[in-house]
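Q: Please work out how this folds:
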Amino acid sequence: QVQLLESGGGLVQAGGSLRLSCAASGRTISTNTMGWFRQAPGKDREFVSGISWSGRTTYYADSVKGRFTISRDNAKNTVYLQMNSLEPEDTAVYYCAAAPIIDSRNYFNAGKYDYWGQGTQVTVSS
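A: Residues are numbered from 1 along each chain as shown. Predicted structure coming up:
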């Protein structure tokens, strides 16, 4: 079993930055594909970004491409999401998720992920 704990959310003004962290416990996530998803009030959960077990392959939703960067430190069992140039539309609860090794074409597919964190709130004011 893997437990995921997100942190780093908060309130920020538009144009600002936040760095989310996802710390895993229970076992190593060094062989897992990891993803970030978000859910805004009244909306479905949506894919934000995914990263391969090695960190060499990353994938982003079009809405965050060029502004967000996903990374991982397998030695620390942690995945990060650096969010720059934040917009009010980025306001949501952000979730970290772990999947077995999957093809990058499936990073967006929430159904491929076995473990989920509780989420961290990100609020961007205009």
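Q: what is the residue positioned nearest the centre of the chain paired to in the beta sheet?
A: In the chain, the residue lying closest to the centroid (C-alpha atoms, centre = their mean) is residue 36, at 2.2 Å. Taking DSSP bridges as the rule, residue 36 bridges to residue 49, residue 96.
Q: OK, contacts around it?
A: Going by C-beta atoms under 8 Å, 6 or more residues apart in numbering, residue 36 touches 20, 22, 48-50, 70, 79, 81, 94-97. Using the backbone N, CA and C atoms, a C-beta is placed for each residue, glycine as well.
Q: average pLDDT for the helix or strand that contains residue 94?
A: If you go by DSSP states H and E, residue 94 is part of strand 92-99. The average pLDDT within strand 92-99 is 98.
Q: For the helix or strand just after that strand, which strands pair with it and how are they oriented?
A: With elements assigned by DSSP H and E, the helix or strand that comes after strand 92-99 is strand 115-116. Its sheet considered, strand 115-116 pairs with strand 92-99 (antiparallel) by DSSP bridges.
Q: Please enumerate residues in contact with the partner strand?
A: Contacts of strand 92-99 (C-beta under 8 Å, 6+ apart): 2, 4, 6, 9, 20, 22, 24, 29, 32-40, 43, 45, 48, 79, 81, 110, 112-122.
Q: Spatially nearest residue to residue 113 (excluding sequence neighbours)?
A: residue 97 (3.8 Å; C-beta to C-beta, 6 or more residues apart in numbering).
Q: would you put the C-alpha positions of the strand holding residue 94 in PDB?
A: Taking Å, rounded to 0.1, in the frame of the first residue of the first chain, the C-alpha atoms of strand 92-99 are listed here in PDB:
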ATOM      1  CA  ALA A  92      -9.000  23.700  -7.500                       C
ATOM      2  CA  VAL A  93      -8.200  20.900  -5.100                       C
ATOM      3  CA  TYR A  94      -5.000  19.300  -6.400                       C
ATOM      4  CA  TYR A  95      -4.500  15.600  -6.100                       C
ATOM      5  CA  CYS A  96      -1.400  13.400  -6.400                       C
ATOM      6  CA  ALA A  97      -1.800   9.900  -7.700                       C
ATOM      7  CA  ALA A  98       0.300   6.800  -8.300                       C
ATOM      8  CA  ALA A  99       0.000   4.300 -11.100                       C
END
